[in-house]
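In: Mind looking at a prediction? Sequence and model below.
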Amino acid sequence: MESNDNLEQLLKRMYAHEEEHIDTSDIIDDEWTKFEAEHFGSKQEHVKREKSPLLKIAAMIIGVLMLSGITYAAIRYVRSSQGQDEKTPETIVVTNSPSSVVDEPLAEQDSTQLEPVVFENAELGTILREVADYYQCEVVYKNQKAKRVRLYFTWDKKAPIEDVVETFNQFERIHIENENRILIVK
């Protein structure tokens, strides 16, 4: 109720000054100063309260910068891991079907030994080592990179070595020659 009375008195004073053509800005400034003192305390406290929005803005800017940095780091990490994936050797799917029988009689071979062998994402070097051991051949690499080519390969042990070599040679990145039981990888 007291504030309503003060407000009425203020309006009457301002209205009286307007009729007299007196500048009311001084009265308004004085009243604003009184209002600040009542509600905000001293002027120093008012200045401190004005700084708090600036601190909030600064904190938001720092937060945005940190978020941007984290995002940039995540993007770089993903790109670098994708870059490593692109450098992995090409995967080739190969299946080998029997076209003839191995020179060794079937009666002398164990039936479990004649079952197809499946290589899943194995290096050519690993596959050829087993094939060469089975056919009692030697492997010579003239191209060392070919040794690391990865394959999905089903090897039928009933097929002769010539058919196995022919299957490998169907691909551009692999060229193998069989010379007197020596497999030459070019």
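Out: All right, it came through fine. Numbers count the residues shown, from 1 in each chain.

In: contacts, neighbours, all on C-alpha from now
Out: Noted.

In: Relative to I70, how far out is the residue nearest the centre of the chain?
Out: When C-alpha atoms, centre = their mean is applied to the chain, the residue found nearest the centroid is V78 (2.6 Å). According to C-alpha to C-alpha, to the nearest Å, V78 stands 12 Å off from I70.

In: name the helices or strands packed onto the host helix or strand of R76?
Out: Assigning secondary structure by DSSP states H and E places R76 in helix 43-86. Based on contacts counted as 3 or more C-alpha pairs under 8 Å, 6 or more residues apart in numbering; DSSP states H and E, the elements that helix 43-86 packs against are helix 25-40.

In: Restricting to C-alpha, output the helix it packs on in PDB.
Out: Presented in PDB, the C-alpha positions along helix 25-40 are these (Å, rounded to 0.1, in the frame of the first residue of the first chain):
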ATOM      1  CA  SER A  25      14.500  13.300 -16.200                       C
ATOM      2  CA  ASP A  26      16.200  14.400 -12.900                       C
ATOM      3  CA  ILE A  27      13.300  13.300 -10.900                       C
ATOM      4  CA  ILE A  28      13.100  10.000 -12.700                       C
ATOM      5  CA  ASP A  29      16.900   9.500 -12.200                       C
ATOM      6  CA  ASP A  30      16.600  10.200  -8.500                       C
ATOM      7  CA  GLU A  31      13.700   7.900  -8.100                       C
ATOM      8  CA  TRP A  32      15.500   5.200 -10.000                       C
ATOM      9  CA  THR A  33      18.500   5.500  -7.700                       C
ATOM     10  CA  LYS A  34      16.200   5.200  -4.700                       C
ATOM     11  CA  PHE A  35      14.600   2.100  -6.300                       C
ATOM     12  CA  GLU A  36      18.000   0.500  -7.000                       C
ATOM     13  CA  ALA A  37      19.100   1.200  -3.400                       C
ATOM     14  CA  GLU A  38      16.000  -0.500  -2.000                       C
ATOM     15  CA  HIS A  39      15.900  -3.500  -4.300                       C
ATOM     16  CA  PHE A  40      19.600  -4.100  -5.300                       C
END
